[in-house]
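S.K.: Got a sequence here, can you model it:
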Amino acid sequence: MTTSVPSTPDSAISDMSVNGFHDGVEKLSINGNGHTNGNGHAAGETQRRKTNRKQSNAMMPAFMVSAPGKVIVFGEHAVVHGKAAIAASISLRSYLLVTTLSKSRRTVSLRFPDIDLAHTWNIDELPWDIFQHPSKKKSYYDLVTTLDPDLLAALQPHLAEISPHKSEDLRKIHQNSARSFLYLFCSLGSQKFPGCLYTLRSTIPIGAGLGSSASIAVCESAALLLQLRTLSGPHPDQPPEEARLQVERINRWAFVAEMCMHGNPSGVDNTVATQGKAVVFQRTDYGKPPSVRPLWDFPELPLLLVDTKQPKSTAFEVAKVAKLRDTHPKLVGSLLESIDRVTRSANELIDDDDFDSEELESLRKVGELMSINHGLLVSLGVSHPRLERVRELVDHEGLGWTKLTGAGGGGCSITLMRPDVSREKWDRLEQRLDAEGYSKFETILGGDGVGVLWPAVLKNGMDEDEEGGMEIDLENFLNAPGNDGVEKLVGVHSGGAEREGWKFWRVESH
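M.R.: Okay, the predicted model is just below:
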């Protein structure tokens, strides 16, 4: 995977100063590889610890990490044939709450209620010997582009007891999720790592081509790197180059987690989930990593995301286009070239100094390119009646510009929303979509990437705020009802504005 990696040397931030980010929290000593050292105690000290409850408190306050999902805005299917595509973040997000246990608790637990996964491991029983072996050991700043089969094999016994009474399909999902987490945990951590509970909720529809697994991978990567004290910030005065280096650390390890889930991921989903905004992605040679060029200054745009609830197969749709190209090489070749030109036109348009994301004429130009892109995809045979129905409803009321996103054949559509449409019209559309079995999400395209809430305390405009904010309670987080409940409790953009408390690595170029 080739991403835009800043050239700042590791030594430039080797002190890993935390700039007040972790003030008041017991310091974890870090060895040269960025891993926590042992906290050995003399016999007398051990006895004192047993009689002094305060010293066996959790080593860190609870904190939270969040990362966005993504959509492909331009270039579907053409990207499979070596053309460029633009993918951008959406404001649907995953949220990972990290609760550090008292020092005497030697367990690590993973809890993903959205997929009904809950499992606990004894830290001392994990395969540290092979993960810490000099020939295998990785540092937080390493670039890992392949999984080690010996390490995967060492994890296998620790996956065998997961969800034994679930269906085989669900067990496979649970084991994949756990494998991904444990590979990161054992690669970055050590046997001296504190006991922790990792609890995840996501507002991103699963299996809809919206990058839900990558969003989770980014949350896990960022959480572990924060626990190791290997990230400075995020903080308001952080220079963009330093912020990008921090973001690249998170992205590298998120890619490792994605490899555990998907084998050979493109790297696009985790890159967008980490840095936010958008990327131009292109893979001209499948024997080499793709080119992933960040669009650091991509604007925030109002987006309506509609899930058709129509199951689709990416592999089937990709094979369908490949067969069509084999049958009609010149014609289909020209369609793919046209999609590529739309993608590049969109990139130039948004890059232009005159582009104003709040001005209707600028939005209209982007919207027209989205409509053209969709028409070309229809010509390739990858739309679906459920997708066309969304376009019909939106176009009839003049609400915006709609296209399919992802492989097509079902899945999701995206609509660039006109800012001059009355709320009544949007409400009418919502009623029609609900009546016909669609799910809709009003989101922001091109927003922030990975964010941190340290400690897990929010100002929600509630009575608790007078006491300094509301601490995110594990039970409340687990029991928050559905996507709306999660967003209301911890959402980065709850109520449409950025929630006080969340911090982001700001990587804009100006």
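S.K.: And this protein, split by domain according to the record?
M.R.: The chain breaks down by automatic domain parsing into domains covering 56-282+449-504, 301-445.
S.K.: now the last one: mean pLDDT?
M.R.: Pointing back at domain 301-445 there. If you average the pLDDT over domain 301-445, you get 95.
S.K.: next one: it to chain centre, how far?
M.R.: Here domain 301-445 is found 22 Å from its chain centre; the criterion is Cα atoms, centre = their mean, to the nearest Å.
S.K.: May I have the distance across that domain, first residue to last?
M.R.: Here the two ends of domain 301-445 are set 5 Å apart, with distance taken as Cα to Cα, to the nearest Å.
S.K.: Can we start the residue count at 378 from this point?
M.R.: Happy to do that; since the first residue is 378 now, the last one works out to domain 678-822.
S.K.: among the domains of the chain, which is the most enclosed?
M.R.: Sort those by mean neighbour count, taking mean count of other Cβ atoms under 10 Å, and domain 433-659+826-881 sits at the top with a mean of 20. In this view, the C-beta of every residue, glycine as well, is placed from N, C-alpha and C.
S.K.: right, and the secondary structure at the spatially most central residue of the chain would be what?
M.R.: By Cα atoms, centre = their mean, the chain has its centre lying nearest to S592, at 1.9 Å. Here S592 is recorded as helix under DSSP: H, G, I helix; E, B strand; the rest coil.
S.K.: OK, contacts around it?
M.R.: A444, P445, G446, R470, S471, S579, I581, D646, A650 (Cβ atoms under 8 Å, 6 or more residues apart in numbering).
S.K.: For it, which non-adjacent residue is spatially closest?
M.R.: S471 (4.1 Å; Cβ to Cβ, 6 or more residues apart in numbering).
S.K.: quick check, the one you found in a strand?
M.R.: Yes: assessed with three-state DSSP, S471 lies in a strand.
S.K.: Need the pLDDT of it.
M.R.: For S471, pLDDT reads 97.
S.K.: A419 too?
M.R.: So, for A419, pLDDT stands at 42.
S.K.: still on that earlier bit, could the contacts of S592 be laid out in CSV, adding distance to P706 and secondary structure?
M.R.: Shown next, in CSV, are those (distance: Cβ to Cβ, whole Å; DSSP: H, G, I helix; E, B strand; the rest coil):
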residue, distance to P706, secondary structure
A444, 40, strand
P445, 38, strand
G446, 35, strand
R470, 42, strand
S471, 41, strand
S579, 42, strand
I581, 37, coil
D646, 30, helix
A650, 36, helix
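S.K.: What ranges does the protein have for its helices?
M.R.: With DSSP state H as the criterion, the chain has helices at 420-428, 505-508, 526-532, 545-565, 589-604, 617-639, 645-652, 691-704, 706-728, 737-756, 762-774, 800-812, 851-856, 859-867.
S.K.: what is the orientation angle of the fifth one with helix 545-565?
M.R.: What it means is helix 589-604. Taking axes from the mean of the first three to the mean of the last three Cα atoms, to 10 degrees, one finds helix 589-604 and helix 545-565 inclined to each other by 30 degrees.
S.K.: try the last one
M.R.: Between helix 859-867 and helix 545-565, the angle comes out at 30 degrees (the same axes, to 10 degrees).
S.K.: Return the distance of helix 859-867 from the chain's centre.
M.R.: 17 Å.
S.K.: Can you name every helix or strand that it contacts?
M.R.: Here helix 859-867 touches strand 462-477, helix 851-856, going by 3 or more Cβ pairs under 8 Å, 6 or more residues apart in numbering; DSSP states H and E.
S.K.: right, and D797 touches L737 too?
M.R.: Yes: with contact defined as Cβ atoms under 8 Å, D797 counts as touching L737 (6.3 Å).
S.K.: one step back: between the helices and strands packed on helix 859-867, which one is closest to T484.
M.R.: strand 462-477 (11.7 Å; Cβ to Cβ).
S.K.: thinking again about what came up before, between the contacts of S592, which is closest to V834?
M.R.: R470 (18.3 Å).
S.K.: which ones are touching that closest one?
M.R.: Taking Cβ under 8 Å, 6+ apart as the test, what R470 contacts is S443, A444, P445, G446, S579, T580, I581, S592, G868, V869.
S.K.: beta partners of it?
M.R.: When assigned by DSSP bridges, R470 has beta-bridge partners P445.
S.K.: separation between it and S590?
M.R.: Distance, R470 to S590, using Cβ to Cβ, to the nearest Å: 14 Å.
S.K.: Kindly report the same for Q604.
M.R.: Distance of Q604 to S590, given as Cβ to Cβ: 21 Å.
S.K.: Let me have the helices of the chain in TSV, extended by distance to L574.
M.R.: Shown next, in TSV, are the helices of the chain (distance: least, Cβ to Cβ, whole Å):
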stretch	distance to L574
helix 420-428	21
helix 505-508	20
helix 526-532	20
helix 545-565	12
helix 589-604	11
helix 617-639	18
helix 645-652	23
helix 691-704	34
helix 706-728	42
helix 737-756	42
helix 762-774	40
helix 800-812	36
helix 851-856	7
helix 859-867	16
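S.K.: Can you say which of these is nearest to R482?
M.R.: helix 420-428 (13.3 Å).
S.K.: Of the helices and strands packed on helix 859-867, which shows the lowest average pLDDT?
M.R.: Sorting those by mean pLDDT places helix 851-856 lowest, at a mean of 90.
S.K.: Now do the strands in the stretch 378-527 of the chain.
M.R.: With strands called from DSSP state E, counting those that start in this stretch, the stretch 378-527 of the chain shows them at 440-451, 462-477, 484-489, 494-499.
S.K.: quick one: the second one to helix 706-728, angle?
M.R.: Looking back up the chat, that one is strand 462-477. Orientation check (the same axes, to 10 degrees): strand 462-477 against helix 706-728 gives 60 degrees.
S.K.: picking up where we left off before, of the helices of the chain, which is nearest H458?
M.R.: Of all these, helix 706-728 sits nearest to H458, with 5.3 Å by Cβ to Cβ.
S.K.: Give the other helices and strands that the closest one contacts.
M.R.: Applying 3+ Cβ pairs under 8 Å, 6+ apart, one finds that helix 706-728 makes contact with strand 440-451, strand 462-477, strand 668-672, helix 691-704, helix 737-756.
S.K.: ok, back up a step: any chance of the contacts of S592 in CSV with distance to A634 as columns?
M.R.: Formatted as CSV, the contacts of S592 follow (distance: Cβ to Cβ, whole Å):
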residue, distance to A634
A444, 12
P445, 16
G446, 16
R470, 17
S471, 12
S579, 15
I581, 16
D646, 11
A650, 11
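S.K.: can you tell which of the helices of the chain is closest to D674?
M.R.: Nearest of these (Cβ to Cβ): helix 706-728, 7.9 Å.
S.K.: That concludes my questions; thank you for your assistance.
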